[in-house]
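> Structure, please.
(one chain, ligands or ions: 2)
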Amino acid sequence: MTKPTPKTFNVMVAKPSEVEHIKDKSRYLRGTLVESFADPITGAIAADDVQLIKFHGAYIEDDRDLRLERQERKLEPAYEFMIRVRVPGGDLNAQQWLKLTAIADQYANKTLRITTRQAMQFHGILKFDLKKSIQMMDEAVLDSIAACGDVNRNVMCTPDASLSAIHAQVFPYAQKISEHLLPRTRAYHEIWLDQPEGRTLVAGGEPEELEPLYGKHYLPRKFKVAIAIPPYNDTDVYINDIGLVAIAEGEKLVGFNVAVGGGLGMTFGREDTYPRLADTIGFCTPDQVLDVCYQIVSIQRDYGNRTDRKLSRFKYTLDQYGLEWFKAELNQRLGWDLAAAKPVEFITTGDQFGWRQTADGRWHLTLRVEYGRVKDTEEYQLKTALAQLSQYALDHAWTNFRLRLSANQNLVIANVEEADKAVVETLLTRYHYQLEAQHISGLRRNSIACVSLNTCPQAMAEAERYMPSLLDKLEPTLRQYGLLQEDIKIRMTGCPNGCGRSVMAEIGLIGKSPGRYNLYLGGDFQGERLNKLYRENLDEKALLSELDQLLGRYSVERLSGEHFGDFVIRAGIIRATLVGREFHQ
Ligand code: SRM
Ligand code: SF4
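Ligands and ions are numbered 1, 2, ... in the order given. Reported below is the predicted structural model:
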């Protein structure tokens, strides 16, 4: 194949998308954000700024529960902002946790939302409170730079130190890669933190900014990196644009397998969009990994589709030009060749709940947080318990105390000395929080639901708010078939964008319209196989009936140790999806 032409803005063959034009004239992501946020007339911001503010970690949304009523009353939608904090590896200290809790209480909807990428989100922030929220984050050395937008997003790594002897060697790479791929524009510091302009003016007054990786047009689309430490695939490593699998020799990290081109988003009605898992292309050593990530991002910058944003993720660049071309291009940019990948084996994408100990004698407690929403309810007060625990850590100079967010929307209380275990347990039980996840069903333990309504503008059906009641209705069926404690992975999203990674689930539910879902089957337990559409547009009754039949068969026909996702394929209920391009077939 002849070498493709790089698709930089100026030499693009086809028409650049509207977002490309917005980036082009944004003066490195400044746009008219200052003016928009000073405008007292509306809760909204200018149209171009709606795109630009994503690069600063925020989205404009409106409360969809109020949309109709406000339309009828001829009021503008109830505009509010979502902001996503960048937390590489999901790692937060006590002071940071307290600041985030304060933001939730003072400016947002009084909840903290752990995301499926180990970041933290706030919802319901009003326009004039956004800057104050960002400044509060900054006081705890946190930011929302590149948490959204056409750049590299939050870098993931397993948060649970007890799962691997090499965790301490691997974990810092989440932070290092995140920093290495951060945009360099000073726009964020100027606009939100009132820090002086960092740009120099060249002749003619054009601001010249040092943005060596991204340039003026940043990436064609969002970009994601994750690290997993086998045998645990709790970051769903193969759904990322770059998936790094840590390789150990004995108790020493020797490098990473490099996988490229994962991504899950698709659009109903467009079969040229599809989820795709990353292909493993080789191995690099720890001191090579930053350069490898940088050069992969640079190839996507130069060759990604900048015309049709539905086809602009890296996965499509790879499928368009081919893996062999990509490997050759990468090796050329690196100036050396990746080594051959090492064999790896994963056993699960789930979290390991409860207390677990590391070799240094410290304890780590993984708590289930229902769909990542840290809140106080009448039943339990998790938000208060975690804030009090963080305050205790500060008061007692417990400096290595950490709260770590998991990619399954859960939380690890990390680095607890034997003597402090009782403090943690007392606080959690005082606020009625269950320490162990073993009291709930295996299906619930292995469930994820995306944010969806009432805040997500893309939602077609409920997810986070509906999943608990759906599970209430499924659990009697599980009990009847003796499957209550069986680990089965179920995930729900309110639309096909894939934020809750439904197409990787053994039971995947994707919202089609209010109260109706597509049912997908055949994902595996270890995160190495996509599922496939089984039934379309089911209401709750039809869904429960389908699952009743499937679970009934599973209970009698399964082989010893066989996971549900493998069973439905072996039993001929669904065909396995082996490559993303065949997802719709
Ligand atoms: Fe996502 C867009 C929430 C993880 C694929 N995602 C959105 C937006 C911003 C809606 C929008 O565009 O207006 C959602 C905000 C709703 C809200 O009110 O909070 C949203 N995504 C989320 C979170 C919060 C879901 C959650 O329940 O935790 C996750 C935040 C991650 C983070 O901290 O960075 C989240 N999103 C994901 C994942 C899973 C992952 O990365 O592990 C995916 C699938 C993987 C992938 O990227 O392919 C994902 N989100 C998308 C897409 C589809 C992208 C595509 O390639 O087509 C969109 C829509 C878009 O980009 O146009 C989207
Ligand atoms: Fe919103 Fe769809 Fe993502 Fe759910 S999957 S948060 S509904 S964009």
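
> so who does Ala340 touch?
If you count contacts by Cβ atoms under 8 Å, 6 or more residues apart in numbering, Ala340 has them with Gly282, Phe283. C-beta coordinates here come from the backbone N, C-alpha and C atoms, glycine included.

> And the lengthiest helix in the chain, what does it pack against?
The longest helix of the chain (DSSP state H) is helix 540-557. On a contact count with 3 or more Cβ pairs under 8 Å, 6 or more residues apart in numbering; DSSP states H and E, helix 540-557 meets helix 467-480, strand 516-521, strand 532-538, helix 564-570.

> what's in contact with the longest one?
Contacts with helix 467-480, where a contact means Cβ under 8 Å, 6+ apart, come from 370-371, 441-444, 447, 449, 484, 486, 490, 492, 540, 543-544, 547-548, 551.

> How many neighbouring residues does the residue in the stretch 251-400 of the chain positioned nearest to ligand 1 have?
Residue nearest to ligand 1 within the stretch 251-400 of the chain: Gly265 (2.1 Å; Cβ to the nearest ligand atom). Counted with other Cβ atoms under 10 Å, the neighbours of Gly265 add up to 19.

> near ligand 1, which residues of this structure show up?
Within the chain, the residues that sit near ligand 1 (Cβ under 6 Å from any ligand atom) are 59, 61, 82, 84, 115-117, 119, 121, 123, 153-154, 222, 224, 236, 239, 263-265, 313, 372, 450-451, 455-458, 497-501.

> Please enumerate the helices of the stretch 351-500 of the chain.
Under the criterion DSSP state H, counting those that start in this stretch, the stretch 351-500 of the chain contains helices at 382-395, 421-430, 442-445, 467-480.

> CSV for the ones you listed, including distance to Gly523 and mean neighbour count?
Output for those, formatted as CSV (distance: least, Cβ to Cβ, whole Å; neighbours: other Cβ atoms under 10 Å):
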stretch, distance to Gly523, mean neighbour count
helix 382-395, 29, 20
helix 421-430, 32, 15
helix 442-445, 14, 22
helix 467-480, 17, 16
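
> can you put those in CSV and add mean pLDDT?
Below are the helices of the stretch 351-500 of the chain laid out as CSV (pLDDT from 0 to 100):
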stretch, mean pLDDT
helix 382-395, 98
helix 421-430, 96
helix 442-445, 97
helix 467-480, 98
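
> can you redo those helices as CSV with distance to Leu411?
Below are these laid out as CSV (distance: least, Cβ to Cβ, whole Å):
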stretch, distance to Leu411
helix 382-395, 8
helix 421-430, 11
helix 442-445, 14
helix 467-480, 18
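
> Select, out of those helices, the one closest to ligand 2.
Closest approach to ligand 2 among the helices of the stretch 351-500 of the chain (Cβ to the nearest ligand atom): helix 467-480, 11.5 Å.

> related to what we said a few turns ago, give the buried residues for the longest helix of the chain.
Leu543, Leu544, Glu546, Leu547, Asp548, Leu550, Leu551, Tyr554 (16 or more other Cβ atoms under 10 Å).

> try stretch 370-384
Neighbour-count burial for stretch 370-384 flags Glu370, Tyr371, Gly372, Arg373, Val374, Lys375, Asp376, Tyr380, Gln381, Leu382, Lys383, Thr384 (criterion: 16+ other Cβ under 10 Å).

> Out of the residues you listed, give me the two with the largest separation.
Greatest spatial distance in these: Tyr371 and Thr384, 19.0 Å, computed using Cβ to Cβ.

> Gly250: neighbour count?
7.

> hang on, I meant Ile103
Applying other Cβ under 10 Å, I find that Ile103 has 25 neighbouring residues.

> tilt between the helix or strand hosting it and helix 382-395?
Per DSSP states H and E: Ile103 is located in helix 94-106. Relative orientation of helix 94-106 versus helix 382-395 (axes from the mean of the first three to the mean of the last three Cα atoms, to 10 degrees): 140 degrees.

> what mean pLDDT does helix 94-106 have?
If you average the pLDDT over helix 94-106, you get 98.

> Dump the C-alpha coordinates for it into CSV.
This file holds the C-alpha atoms of helix 94-106, laid out as CSV (Å, rounded to 0.1, in the frame of the first residue of the first chain):
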residue,chain,number,x,y,z
ALA,A,94,-7.1,13.0,52.2
GLN,A,95,-6.8,16.7,51.5
GLN,A,96,-8.0,16.2,47.9
TRP,A,97,-10.9,14.1,49.0
LEU,A,98,-12.1,16.7,51.4
LYS,A,99,-11.8,19.5,48.8
LEU,A,100,-13.8,17.4,46.3
THR,A,101,-16.4,16.8,48.9
ALA,A,102,-16.6,20.5,49.6
ILE,A,103,-17.1,21.2,45.8
ALA,A,104,-19.9,18.6,45.7
ASP,A,105,-21.6,20.3,48.7
GLN,A,106,-21.1,23.9,47.9
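
> And for it, what's in contact with it?
Against helix 94-106 from outside (Cβ under 8 Å, 6+ apart): 85, 92, 110-112, 120, 122, 129, 132-133, 136-137, 139-142, 374, 383, 386-387, 389-391, 393-394, 398, 401, 403.
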